[in-house]
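In: quick check, what structure comes out for this input:
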Amino acid sequence: MSEAYCVKCKAKREMKDAQEVTLKNGRLADKGVCPECGTGMFKIKGKA
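Out: Numbering: from 1, shown residues only. Okay, the predicted model is just below:
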(Lines give C-alpha, C1' and ligand atoms only; values in the text may rest on other atoms or scores of the structure.)
Protein backbone atom coordinates (compact mmCIF):
# COMPACT_ATOMS: atom_id res chain seq x y z
CA MET A 1 0.00 0.00 0.00
CA SER A 2 1.05 3.56 -0.63
CA GLU A 3 1.09 6.40 1.88
CA ALA A 4 -0.21 9.81 0.80
CA TYR A 5 -1.43 13.08 2.30
CA CYS A 6 -5.18 13.47 2.80
CA VAL A 7 -6.18 17.11 2.26
CA LYS A 8 -9.45 16.74 4.16
CA CYS A 9 -7.98 14.98 7.23
CA LYS A 10 -4.72 16.98 7.03
CA ALA A 11 -2.67 13.86 7.78
CA LYS A 12 -0.61 11.20 6.02
CA ARG A 13 -2.50 7.93 5.67
CA GLU A 14 -2.24 4.61 3.87
CA MET A 15 -4.31 4.67 0.67
CA LYS A 16 -7.20 2.25 0.37
CA ASP A 17 -7.78 0.58 -3.03
CA ALA A 18 -4.57 2.13 -4.44
CA GLN A 19 -4.02 1.72 -8.17
CA GLU A 20 -0.92 2.65 -10.16
CA VAL A 21 -1.72 4.97 -13.08
CA THR A 22 0.42 6.62 -15.77
CA LEU A 23 0.07 10.35 -16.35
CA LYS A 24 0.12 12.05 -19.76
CA ASN A 25 3.77 13.05 -19.30
CA GLY A 26 4.80 9.43 -18.63
CA ARG A 27 5.22 9.65 -14.86
CA LEU A 28 3.74 7.07 -12.51
CA ALA A 29 1.24 7.92 -9.77
CA ASP A 30 -0.86 6.15 -7.16
CA LYS A 31 -4.58 6.87 -6.99
CA GLY A 32 -6.71 5.74 -4.07
CA VAL A 33 -9.15 6.63 -1.31
CA CYS A 34 -8.61 7.80 2.28
CA PRO A 35 -9.73 5.02 4.67
CA GLU A 36 -10.97 7.55 7.27
CA CYS A 37 -13.04 10.07 5.29
CA GLY A 38 -13.39 8.54 1.80
CA THR A 39 -11.77 11.48 -0.02
CA GLY A 40 -9.79 10.73 -3.20
CA MET A 41 -6.01 10.66 -2.71
CA PHE A 42 -3.27 11.02 -5.30
CA LYS A 43 0.50 10.64 -5.06
CA ILE A 44 2.90 11.35 -7.94
CA LYS A 45 5.92 9.04 -8.13
CA GLY A 46 9.14 9.27 -10.12
CA LYS A 47 9.65 8.62 -13.81
CA ALA A 48 8.69 5.27 -15.29
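
In: can you tell me the SS state at the residue most central in space within the chain?
Out: Note on the chain: the residue nearest the mean C-alpha position is Phe42, at 3.0 Å, using C-alpha atoms, centre = their mean. Secondary structure, DSSP: H, G, I helix; E, B strand; the rest coil: Phe42 is strand.

In: these two touch, right, it and Val33?
Out: No. Using C-beta atoms under 8 Å, Phe42 is not in contact with Val33, being 10.4 Å away. Quick note: C-beta positions are derived from backbone N, CA and C, even for glycine.

In: related to what we said a few turns ago, mind pulling up the pLDDT for the residue nearest to the centre of the chain?
Out: With respect to pLDDT, Phe42 scores 95.

In: going forward, count from 573.
Out: Will do, 573 is the new start, and the previous item becomes Phe614.

In: tell me the bridge partners for it.
Out: Lys603 (DSSP bridges).

In: name all residues that make contact with it.
Out: Shown in contact with Phe614 (C-beta atoms under 8 Å, 6 or more residues apart in numbering): 576, 601-604.

In: would you map the strands across this structure?
Out: For the chain, the strands defined by DSSP state E occupy 575-578, 583-586, 588-594, 599-605, 612-619.

In: sorry, back to before: mind listing the shared neighbours of Phe614 and Val605?
Out: By C-beta under 8 Å, 6+ apart, no residue touches both Phe614 and Val605.

In: distance from the chain centre to the helix or strand of the chain with the lowest mean pLDDT, please.
Out: Lowest mean confidence among the helices and strands of the chain (mean pLDDT, DSSP states H and E): strand 612-619, at a mean of 91. Offset of strand 612-619 from its chain centre (C-alpha atoms, centre = their mean, to the nearest Å): 5 Å.

In: still on that earlier bit, reformat the contacts of Phe614 as TSV; add pLDDT and distance to Met587.
Out: Shown next, in TSV, are those (pLDDT from 0 to 100; distance: C-beta to C-beta, whole Å):
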residue	pLDDT	distance to Met587
Ala576	94	5
Ala601	95	11
Asp602	95	6
Lys603	95	8
Gly604	96	3
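
In: fine by me, we can end here.
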